[in-house]
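Student: what follows is a predicted structure for the sequence shown.
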2 protein chains.
Amino acid sequence: MPNIYEIPSDINQTEKFEQLETGHNILIERIISTGQTTPEGEWYDQDVDEWVILLQGEAKIVYEDRTAVELKSGDYLMLLAHQKHRVEYTSIEPPCIWLAVHGQLRSL
Amino acid sequence: MPNIYEIPSDINQTEKFEQLETGHNILIERIISTGQTTPEGEWYDQDVDEWVILLQGEAKIVYEDRTAVELKSGDYLMLLAHQKHRVEYTSIEPPCIWLAVHGQLRSL
């Protein structure tokens, strides 16, 4: 049985994106971050909604209006499509383990 | 910021299903179980796929062929549409906290 907390040992250099399920307009993904952040001046600007939960580690997300949210284990939030955001901090020890669901997550 | 591990104090009698996001053919749900199981002789037989991760507690799921899987924190699995299954055990202390994603999760 796969376990979300079991992570490969060679994770130190790059952020690791792992597709767990890819369905009809939906992606369930595990992301492992070890200190990586969004490059200065860049923003995530995604075409679909992303629901994300931080399952291990600590992280900080900043929105375009400079609102910042600090996440600890178990915190979750919705990043709506085209809601620009940056990841400003991810802990190295322990590594951040994120679970993300991408899709049209709000009924229109 | 909502946290998946923060659970209400009045959870002892019934299983608690909480819709976190309901989108286009997708549902993200938190389930809190405290000893509840699928009634004897009954099976879950769902019309859509369910990806589920146990985030706290211990549980046991049994399939129609009597294969059993025991889950601990972090274990995840896919319950395909119409893959009959029963929940045979959920821990009371600590309560089981499940995160489930319902939808068409495999590309056809």
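Tutor: Cool, got the structure.

Student: from now on I want contacts and neighbour counts done on CA atoms only, so please keep to that.
Tutor: OK.

Student: skipping adjacent residues, who's closest to residue A:3 in space?
Tutor: Excluding its sequence neighbours, the residue lying closest to residue A:3 (C-alpha to C-alpha, 6 or more residues apart in numbering or on different chains) is residue B:75, at 4.2 Å.

Student: residues contacting the one you found?
Tutor: A:1, A:2, A:3, A:4, B:53, B:54, B:55 (C-alpha atoms under 8 Å, 6 or more residues apart in numbering or on different chains).

Student: each with direction, which strands does the helix or strand containing the last one pair with?
Tutor: Mapping residue B:55 onto the secondary structure by DSSP states H and E places it in strand B:49-56. Using DSSP bridges, the strands paired with strand B:49-56 in its sheet are strand B:76-79 (antiparallel), strand B:96-103 (antiparallel).

Student: who in chain A is up against chain B?
Tutor: Proximity of chain A to chain B, by C-alpha under 8 Å from any C-alpha of the partner chain, involves residues A:1-5, A:21-24, A:26-27, A:73-77, A:104-108.

Student: swap in 6 Å and give it another go.
Tutor: Residues of chain A found near chain B (C-alpha under 6 Å from any C-alpha of the partner chain) are A:2-5, A:22-24, A:74-75, A:104-107.

Student: in strands only, show me these.
Tutor: With DSSP state E as the criterion, strands contain A:22, A:23 from among the residues of chain A next to chain B.

Student: follow-up on the earlier one: what residues does the strand holding residue B:55 touch?
Tutor: With C-alpha atoms under 6 Å, 6 or more residues apart in numbering or on different chains as the test, strand B:49-56 has contacts from B:73-81, B:96-105.

Student: where's the helix or strand just after it relative to the chain centroid, distance-wise?
Tutor: Toward the C-terminus, strand B:49-56 is succeeded by strand B:59-63 as the next helix or strand (DSSP H and E). With C-alpha atoms, centre = their mean, to the nearest Å as the basis, strand B:59-63 stands 10 Å off its chain's centre.

Student: can you put the residues of chain A next to chain B in JSON lines and add pLDDT?
Tutor: Formatted as JSON lines, the residues of chain A next to chain B follow (pLDDT from 0 to 100):
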{"residue": "A:2", "pLDDT": "96"}
{"residue": "A:3", "pLDDT": "98"}
{"residue": "A:4", "pLDDT": "98"}
{"residue": "A:5", "pLDDT": "97"}
{"residue": "A:22", "pLDDT": "96"}
{"residue": "A:23", "pLDDT": "93"}
{"residue": "A:24", "pLDDT": "86"}
{"residue": "A:74", "pLDDT": "98"}
{"residue": "A:75", "pLDDT": "98"}
{"residue": "A:104", "pLDDT": "95"}
{"residue": "A:105", "pLDDT": "95"}
{"residue": "A:106", "pLDDT": "91"}
{"residue": "A:107", "pLDDT": "80"}
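
Student: so which of the residues of chain A next to chain B wins on neighbours?
Tutor: Highest neighbour count within the residues of chain A next to chain B, by other C-alpha atoms under 10 Å in any protein chain shown: residue A:105, with 25 neighbours.

Student: what sits closest to the residue nearest the centre of chain A if chain neighbours are left out?
Tutor: By C-alpha atoms, centre = their mean, chain A has its centre lying nearest to residue A:98, at 5.1 Å. Once flanking residues are discounted, residue A:98 sits nearest to residue A:54: 4.5 Å by C-alpha to C-alpha, 6+ apart.
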